[in-house]
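J.: Here is the input, now give the coordinates:
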Amino acid sequence: MRIAKFFLLAALLTAAAACAPKQQEAAPSALETIFSRKSVRAYTDQPVSDEQVDTLLRAAMAAPTGMNVQPWRFVVVRDQAVKDVLAGGFNKMIAQAPVVFVICGETTLMRKPWGQPDAEPVEVANGNWVQDCSAATENLLLAAEALGLGAVWTAAYPYEDRVAPIREALGLPENVSPLCVVPVGYPGGDDQPKDKWKPENIHYDKW
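T.: Down below sits the predicted model:
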């Protein structure tokens with residue numbers, strides 16, 4: 001009888017374990033994500049969800065920004081006709097990706113003259129927009145890696161032959177410039193990260 005009860009209990013525990021929800025795999029650490037990031041230029045036709053797009057944008061906007069100006073602006077492109085136009089001056093991977101992010105920045109700002117708190121705001125050049133939007137782009141690339149997606153940074157600025165068609169295709173305001181185009185999708189190949197560690201590029205205390 002005891003043996004029968006033992007086997008019955010074992011069977012019940014096995015069944016319970018089978019029905020229990022499987023634990024999700026632990027998310028990669030920040031350092032694991034940084035070291036595993038790679039440029040992915042081929043994608044499957046598996047769609048990228050709206051939730052994933054939202055996560056990528058939230059990660060991008062968590063980037064550091066000079067004086068907290070946050071000059072970045074994002075255009076999310078799913079329309080195939082628009083992707084085809086964007087790919088015209090770059091690479092076919094832009095047209096192939098399920099979703100494309102165009103990271104843009106406000107090149108001018110409305111600010112009160114320094115030391116004149118009662119003055120009317122005037123338009124001034126935003127000297128940090130490239131750095132700020134670059135930080136946002138890197139955050140987006142790392143988030144894509146962490147989500148199991150592939151992405152690649154394709155430059156727009158400062159090449160006018162790339163900037164102009166993007167500006168026209170997206171209808172960007174005069175004071176907004178595209179920095180880069182980032183196609184995103186599930187990797188269609190076996191891309192591997194490059195080892196870029198070069199101790200000879202490091203100097204301590206002085207050159």
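
J.: chain center to stretch 144-162: distance?
T.: 8 Å (C-alpha atoms, centre = their mean, to the nearest Å).

J.: so who does the spatially most central residue of the chain touch?
T.: Among the residues of the chain, the one closest to the centroid is Leu140, at 1.9 Å (C-alpha atoms, centre = their mean). Leu140 sits next to 56-57, 59-60, 101, 103, 151, 182 when contact means C-beta atoms under 8 Å, 6 or more residues apart in numbering. Just so you know, the C-beta spots here come from the backbone N, C-alpha and C atoms, and that holds for glycine as well.

J.: pull the longest strand from the protein.
T.: strand 176-185 (DSSP state E).

J.: what packs against it?
T.: helix 92-96, strand 99-106, helix 129-146, strand 150-151, strand 154-155, helix 160-170 (3 or more C-beta pairs under 8 Å, 6 or more residues apart in numbering; DSSP states H and E).

J.: Now do the fourth one: which elements does it pack against?
T.: Right, the one you point to is strand 150-151. Counting by 3+ C-beta pairs under 8 Å, 6+ apart, strand 150-151 packs on helix 129-146, strand 176-185.

J.: Could you check the angle the longest one makes with strand 99-106?
T.: Going by axes from the mean of the first three to the mean of the last three C-alpha atoms, to 10 degrees, helix 129-146 is angled at 160 degrees with respect to strand 99-106.

J.: Could you check the angle helix 129-146 makes with strand 176-185?
T.: On the basis of the same axes, to 10 degrees, helix 129-146 is oriented at 10 degrees to strand 176-185.

J.: what's the offset of helix 129-146 from the middle of its chain?
T.: With C-alpha atoms, centre = their mean, you get 5 Å for helix 129-146.

J.: Buried ones in that helix, by neighbour count?
T.: 129-130, 132-146 (16 or more other C-beta atoms under 10 Å).

J.: Between the helices and strands packed on strand 176-185, which one is closest to Val40.
T.: Proximity to Val40 (C-beta to C-beta) singles out strand 150-151 among these, at 2.7 Å.

J.: List the contacts of that closest one.
T.: Residues contacting strand 150-151 (C-beta under 8 Å, 6+ apart): 38-40, 42-43, 140-141, 144-145, 182-188, 191.

J.: Would you list the buried entries among those?
T.: Neighbour counting with 16+ other C-beta under 10 Å marks 38, 40, 42-43, 140-141, 144-145, 182-188 as buried within the contacts of strand 150-151.

J.: surely Gln46 meets Pro98?
T.: Yes: Gln46 is within contact range of Pro98, at 7.2 Å (criterion: C-beta atoms under 8 Å).

J.: what sits in contact with each of the two?
T.: 185-186.

J.: what's near enough to touch the closest residue to Ala59 other than its chain neighbours?
T.: Nearest residue to Ala59 in three dimensions, chain neighbours excluded: Ala143, at 3.5 Å (C-beta to C-beta, 6 or more residues apart in numbering). For Ala143, the contacting residues are 55-56, 59-60, by C-beta under 8 Å, 6+ apart.

J.: residues near Val85, how many?
T.: 18 (other C-beta atoms under 10 Å).

J.: Would you agree it falls within a strand?
T.: No: counting by DSSP: H, G, I helix; E, B strand; the rest coil, Val85 falls outside a strand, being helix.
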